[in-house]
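# coordinates only, sequence not included:
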């Protein structure tokens, strides 16, 4: 029998040459055709066609800028190897290209020599060059892929070039957009404002009394900002854990069994922009707040500013982060098999004894986990301290004011960022190493028979006593947010009005037809637009990373996983300052563009997509991939035709969450937003900052409602698709809804 | 057929379909496959047999390209594939879990490999339908895998693997998810299919009976190495070690002393008894004797001085035969025996005299 199959199946070499040729051509295009440097007005406006001098490719520039010429060498080398029909040696070419690109890019910047020792060596201010453009991006991508082809030909990752390529791409982007900005912080911290390396100054800044003073304990002045932050974070961590546990016990272990509680608590923290709670607290307890006014009018308690400071921040954060602790602890409590508690009871232990000796030890690691996660959230929180801080400084707001304030001390901002990062990373490491996933709780797919033991009486009352005030306050807060923008001045003048809503969201008919005249439209549309652009990239990069982590084995996998997940623990403020420090100057100059906001969305939210991907991939039998591979489908085809169709729910989840988180984020993008690229959250914070609470609140309410509609809408959509798929799964899908 | 074609055919027949040259697979410090070499002849069914963790599945996955060798060379049909990925090797595999794609129907599953290499939909469907009828599943094209029984799923997996007409077809414990009755039938079907299509098949199992029933050749592995390699008969009748003797059908392994050898017969001392056994190249000195359970004869009551004696510890009735566990007095050892006599069983606790059927005794040098 003739075998047309064989010739195609064994022809990996020829196909590889085609791929190599394509990458080489891309590299040549980047060098010969595309604008090498950043063009004004953005590449995709294509108005640079009319300004060829500015948009010249590297080859034409190499006359005036001879250091670009060596970049042609790797292209020639790779072309020669391909002409010989060899893949080996491409790696050397690609590596040389990348190395030279990095070297010349950092050595020659907009202001001359990039390193002071180079200036000293040359004795001249040196040549200059602007930030890299898309030509350089194409060139770098091509060089990276040539390295990947060579490595695959040498048998890396089982000789699978797609895997090697994807791995190198993810690693390169993590290095460029996570590691390099962090490194820039370090580099900036050891320099003075003129760019000279001064280690002494660094030490002085790092150990300054501003940060570490314990004066308040001795009654002499205020405490350092680091201690302020830690004190709030510990307090918030403890309170959130206690409240989260109380709520979780109520939700799962009392006759209340409130499903609505579970569901609304799992959605609220995701869709609520973080500072909104702080705003509502001001409207309640500020000097002119509803409660304050009531108390002063009826009980004669004088108005004060107590809410601005540690008390207010703690209160806002406890309201905001208890749901997160609650979700962690619900997972832990559900994992405690009822049969263990039943076993204890059949051994004649009382309810109280069962709880104390069986349930409690089983959930203890979960409590530590909930504490550490709340601790990290509190440390990273930027918006509530910004709104409520008053004279009480925490690290995240101090970083912001060091950059935007009158001082404009980037070195100080960098030092503060390092301190903040050290705390959150330490908590993140503790969470992973010490408790992460290694609790005693066993989660098997099978349902476990038995009924969870009801809570002993006193404990039940304790739970209610702790949780009810919190619930009440939460309800009041959300009521204020949703209604506050529709009255003249909440608390003082409760006349209903659409004034604020119309200022922000009016639509008018002008000469050219309808247009959006409200002041909030530009930022709202820009936010949704940028979040939509970031959404597919976040999901794709996250799922790809999850697939590499779950399905491939390679040297340094643990380190790779750590880098990928670490962005969880990097506070948004640190990301913001690091992006400003890294991307404000060549070679990679991105500040002031929409691209940098999209990139910050992608890398801030990627861990969520990774988690969704890993959780789903875990449930897909590995032999499915292997079957597809042995049937001649390469890893890319396997990913596309076998895994992605099965992973669809994970992809959708990753997309929604990355979208919603992008829309509600504030801490990182407040550094990056500009007049042209203004964002909803930044706009709201700005309104609140100048005291226009009406517009801020009405905008926040609209944002929450829009997010809620999107979340519920997509949940319904996925649910229906599942119904169509198979009848047996219908009830399960309905039950999930 | 002319002479040249015949020569070419002979050459092809002599060229091994799979060749391992000192292949080693390491996971960190653990060696899963240790310098293993073998050849697999075309159009034969070879079984990799061994206890769990012996490296047999890793060996299979090395052939498939799902694992990469740490050292050594792998050739398929004379071509070095050591560095090629699974997708580039001309090999298909039937998985233990069948690994049918849950989001595709039977036709989409079977034509998947053809479509992956760029065949048109119509031609792929035609070739897939041909193979589906070969495994007796015509008419099931539109079913989802979840709507099929375990046996049918297994056949879909086989059809999906043979539709590419691979140089080598791999089976990873294909019967382990079927019930005992179905197993016997399916293994016969696999064997028939292999002989009908002249396929080269490598088959992994831990069940020695299954291996004996289907194989042209068996490669027994133990602790990451090949323990013995031969036809089913060679392995059962001429095991080279007590491990093989015990693994290929049960065996009682007893320490004995060879007193003398003459004309291929060895005089063996076992406790008070003297036995004459084929020496199989074993010289005088300490040796081991493998005794199949069915070769043990027991009679109630103590026998003569030069006959082994013992006590029945446990007597079990298994319908068509009896099984006994016996404690020998000299040498102190436990013996496992089976007897077809279910009408007059020997009671537990009874003293018995023990003799062996000489033809079923295997003398070996190792300990």
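Now that the structure is in, tell me what you want to look at. The shown structure was predicted, so the numbers you read here are calculated from the model rather than taken from an experiment. Numbers count the residues shown, from 1 in each chain, chains lettered A, B, ... in the order given.
# separation between residue B:321 and residue A:397?
85 Å (CB to CB, to the nearest Å). Backbone N, C-alpha and C define where each C-beta goes, glycine included.
# What separation is there between residue A:510 and chain B?
According to CB to the nearest CB, to the nearest Å, residue A:510 stands 51 Å off from chain B.
# Please list the residues of the stretch 101-250 of chain A that sit near chain B.
Within the stretch 101-250 of chain A, the positions lying close to chain B (CB under 8 Å from any CB of the partner chain) are A:153, A:154, A:155, A:158, A:159, A:160.
# Pick the one among those closest to residue A:706.
Within these, the smallest distance to residue A:706 is 42.6 Å, found for residue A:160 (CB to CB).
# quick one: which of residue B:321 and residue A:397 has more around it?
Higher neighbour count among residue B:321 and residue A:397: residue A:397, with 25 against 14, using other CB atoms under 10 Å in any protein chain shown.
# do you know how far the more buried one is from chain B?
Per CB to the nearest CB, residue A:397 is found 48 Å from chain B.
# burial measure for the nearest residue to that residue once chain neighbours are set aside, as a count.
Once flanking residues are discounted, residue A:397 sits nearest to residue A:385: 4.6 Å by CB to CB, 6 or more residues apart in numbering or on different chains. Residues within reach of residue A:385, counting by other CB under 10 Å, total 30.
# chain center to the strand or helix carrying residue A:385: distance?
If you go by DSSP states H and E, residue A:385 is part of helix A:383-388. Using CA atoms, centre = their mean, to the nearest Å, the distance from the centre of helix A:383-388 to the centre of the chain it belongs to is 19 Å.
# Also stretch B:357-366?
The answer for stretch B:357-366 is 22 Å, by CA atoms, centre = their mean.
# Quick one: the helices in the stretch 551-700 of chain A, in order.
A:557-566, A:572-583, A:594-618, A:622-630, A:635-638, A:644-664, A:669-672, A:680-689, A:693-725 (DSSP state H, counting those that start in this stretch).
# list the helices and strands the second one packs on?
When you say that, I think you mean helix A:572-583. Judged by 3 or more CB pairs under 8 Å, 6 or more residues apart in numbering or on different chains; DSSP states H and E, helix A:572-583 is in contact with helix A:180-189, helix A:395-404, helix A:410-430, helix A:594-618, helix A:669-672.
# repeat that with 10 Å
helix A:180-189, helix A:360-380, helix A:383-388, helix A:395-404, helix A:410-430, helix A:594-618, helix A:669-672 (3 or more CB pairs under 10 Å, 6 or more residues apart in numbering or on different chains; DSSP states H and E).
# The longest one vs helix A:180-189, what angle?
Angle of helix A:594-618 versus helix A:180-189, following axes from the mean of the first three to the mean of the last three CA atoms, to 10 degrees, is 130 degrees.
# And helix A:594-618, what does it pack against?
helix A:161-174, helix A:521-551, helix A:557-566, helix A:572-583, helix A:644-664, helix A:669-672.
# Out of these, which is the most enclosed?
helix A:572-583 (a mean of 26; mean count of other CB atoms under 10 Å in any protein chain shown).
# Spatially central residue for chain A, please.
The C-alpha lying nearest the average C-alpha coordinate of chain A belongs to residue A:604 (CA atoms, centre = their mean; 2.0 Å).
# What mean pLDDT does the helix holding residue A:385 get?
Mean per-residue pLDDT for helix A:383-388: 88.
# worst-scoring helix or strand of the chain, pLDDT-wise?
Reading this off chain A. helix A:730-736 (a mean of 29; mean pLDDT, DSSP states H and E).
# that answer is for a different chain, and I need it for chain B
helix B:3-14 (a mean of 56).
# Which SSE is immediately downstream of that one?
strand B:18-27.
# helices or strands up against that next one?
Using 3+ CB pairs under 10 Å, 6+ apart, strand B:18-27 sits against strand B:30-40, helix B:56-64, strand B:71-76.
# redo that, cut-off 6 Å
Helices and strands touching strand B:18-27, by 3 or more CB pairs under 6 Å, 6 or more residues apart in numbering or on different chains; DSSP states H and E, are strand B:30-40, strand B:71-76.
# and residue A:187, which of those strands is closest to it?
Per CB to CB, nearest to residue A:187 of these: strand B:30-40, 42.9 Å.
# residues in contact with that closest one?
Under the contact criterion CB atoms under 6 Å, 6 or more residues apart in numbering or on different chains, strand B:30-40 has outside partners B:16-25, B:46, B:55, B:58-59, B:219, B:224-226.
# Run a quick neighbour tally on residue 20.
You didn't pick a chain, so chain A it is. Residue A:20: 24 surrounding residues under other CB under 10 Å.
# that's the wrong chain, I wanted chain B
So residue B:20, with other CB under 10 Å, has 23 neighbours.
# I'd say residue A:388 and residue A:314 touch.
No. The pair residue A:388 / residue A:314 is not scored as a contact, 9.4 Å apart, by CB atoms under 6 Å.
# Would you mind measuring from residue A:159 to residue A:133?
35 Å.
# ok, now residue B:32?
50 Å.
# cool, residue A:604 as well?
The gap separating residue A:604 from residue A:133 is 25 Å, by CB to CB.
# ok, now residue A:77?
Computed as CB to CB, the residue A:77 to residue A:133 distance reads 24 Å.
# and the two? which has more neighbours close in?
Per other CB under 10 Å, whichever of residue A:77 and residue A:133 has more neighbours is residue A:133, with 22 against 18.
# Now do the same contact list for that one.
If a contact means CB under 6 Å, 6+ apart, then residue A:133 has A:35, A:36, A:37, A:38, A:39 as its contacts.
# Tell me if I'm right that the first one and residue A:55 touch.
Yes. Counting by CB under 6 Å, residue A:35 sits close enough to residue A:55 to count as a contact (3.6 Å).
# Am I right that residue A:393 falls within a helix?
No. Counting by DSSP: H, G, I helix; E, B strand; the rest coil, residue A:393 is not found in a helix; it is coil.
# was I right about it contacting residue A:225?
Yes. At 4.8 Å, residue A:393 counts as touching residue A:225 under the criterion of CB under 6 Å.
# which one of the two has more residues nearby?
Set residue A:393 next to residue A:225 and count neighbours by other CB under 10 Å: residue A:225 wins out with 24 against 19.
# Compute the distance between the more buried one and chain B, please.
The value you get for residue A:225 to chain B, if CB to the nearest CB is used, is 46 Å.
# The strand or helix carrying residue A:467 - contacts with which helices or strands?
Taking DSSP H and E as the definition, residue A:467 sits inside helix A:457-484. If contacts are counted by 3+ CB pairs under 6 Å, 6+ apart, helix A:457-484 sits against helix A:225-253, helix A:276-285, helix A:693-725.
# Could I get the pLDDT score of residue 264?
Defaulting to chain A. Residue A:264 carries a pLDDT value of 74.
# To clarify, I was referring to chain B.
84.
# Could I get the buried residue list for stretch A:406-418?
Within stretch A:406-418, the residues scored as buried using 16 or more other CB atoms under 10 Å in any protein chain shown are A:409, A:410, A:411, A:412, A:413, A:414, A:415, A:416, A:417, A:418.
# if I look at the last one, how far off is chain B?
Pointing back at residue A:418 there. Where chain B is concerned, residue A:418 sits at a distance of 36 Å (CB to the nearest CB).
# can you tell me which residues contact that residue?
So residue A:418 contacts residue A:189 (CB under 6 Å, 6+ apart).
# how about 8 Å then?
Shown in contact with residue A:418 (CB atoms under 8 Å, 6 or more residues apart in numbering or on different chains): A:185, A:186, A:189, A:206.
# burial count for the first one?
Looking back up the chat, that one is residue A:185. The number of residues near residue A:185, taken as other CB under 10 Å, comes to 22.
# next one: phi and psi at residue B:238?
phi -130, psi 60 (degrees, to the nearest 10).
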